[in-house]
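below is the sequence, then the predicted model.
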Amino acid sequence: MAGTFRVDRVVTSGTFSLDGGTWEVDNNVWLLGDDDEVLVVDAAHAAQPIVAAVAGRTVVAVVCTHGHDDHVTVAPELGRTLDAPVLLNPADDVLWEMTHPGVAHAALTDGQRITVGGTEVHALHTPGHSPGSTCLHVPEAGLLFTGDTLFQGGPGATGRSYSDFGTIIGSIRDRLFALPVETAVHTGHGDGTTIGTEAPHLEEWVRANG
């Protein structure tokens, strides 16, 4: 019988680099599961604190919400150490190759369902911040893990290569804001929010970008 579903957060620190710039960032790494099984969401900066938080549980997969280097830094290392597949939407392979050239990963596809600790996690392809950006929805628990697609106060950044503002707005409007308003949003950086808190501001974000 599956145990109680829970979410653990590990915050790791390092850098994000793209288009010739480098920035200091703190990343949220999310662990979804129970006492026996866990799904790791994002593989940021350092493997050791993530492995420590896994605490010997069986790792179903290491899921990367997108291919930016701060979210996949230690993905291959975690996959080997934890004996787990690394999943990333193939539309982000161009970004993955910048960090892990020639290293294979498994495909994360829109609509894919991953069961961990007896609870289903649904993959929602939400391009815009990057071509393959994918959010993870846990309907049974009312949770959404958005990577860098949606934050407290607005959409993820779209000012760098392989990103597009109109695309991210469409993804948020059509895929994320279609979810129940009480859905708790856990983001790739910083504090969380809810769908109901962010949804009323969509048109403001569009006007501000115009």
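That came through, no problem. Please read these numbers as outputs of a predicted model, since none were measured by experiment.

what's near enough to touch the residue nearest to T183 when sequence neighbours are not counted?
Leaving out its chain neighbours, the residue that sits closest to T183 by CB to CB, 6 or more residues apart in numbering is I195, at 4.4 Å. Any C-beta I mention is one placed from the backbone N, CA and C, and that applies to glycine too. I195 makes contact with L144, L176, F177, L179, P180, V181, E182, T183, V185 under the criterion CB atoms under 8 Å, 6 or more residues apart in numbering.

does the second one really touch L144, like I thought?
This means L176. Yes. With contact defined as CB atoms under 8 Å, L176 reaches L144; the gap is 6.9 Å.

give me the common contacts of those two.
Counting by CB under 8 Å, 6+ apart, the common neighbours of L176 and L144 are C135, I195.

neighbour count for those two, which is higher?
For L176 versus L144, neighbours defined as other CB atoms under 10 Å are more numerous around L144 (27 against 22).

enumerate the positions of stretch 150-167 that are buried.
Taking 16 or more other CB atoms under 10 Å as the neighbour-count basis, stretch 150-167 is seen to contain the buried residues L150, F151, G154, P155, G156, T158, Y162, S163, F165, T167.

would you mind pulling the contact partners of that stretch?
Counting contacts by CB under 8 Å, 6+ apart, the residues outside stretch 150-167 that touch it are 18-19, 94-95, 127-131, 133, 135, 147-149, 168-169, 172, 176, 185, 187-193, 197-198, 201, 205, 209.

out of these, which are inside helices?
Judged by DSSP state H, helices contain the following of the contacts of stretch 150-167: V94, L95, I168, I169, T197, E198, W205, N209.

so of the buried residues of stretch 150-167, which ones are in strands?
Applying DSSP state E to the buried residues of stretch 150-167, the entries found in strands are L150, F151, G154, P155.

which of those sits closest to D69?
Relative to D69, the closest of those is F151; by CB to CB it sits at 18.8 Å.

the closest one pairs with what?
On the basis of DSSP bridges, F151 is bridged to G154.

again with T119
Beta-bridge partners of T119, counted by DSSP bridges, are V116.

could you identify the buried members of the ones in helices among the contacts of stretch 150-167?
Burial by neighbour count, 16+ other CB under 10 Å: within those this picks out L95, I168, I169, E198, W205.

quick check: of the residues you listed, which lies closest to E37?
Of all these, E37 sits closest to L95, with 28.4 Å by CB to CB.

now do the same contact list for the closest one.
Going by CB under 8 Å, 6+ apart, L95 touches H66, G67, H68, D69, V72, S130, G132, Y162.

any idea of the mean pLDDT for stretch 66-76?
The predicted model gives stretch 66-76 an average pLDDT of 98.

and the end-to-end length of that stretch?
With CA to CA, to the nearest Å as the measure, the ends of stretch 66-76 fall 14 Å from one another.
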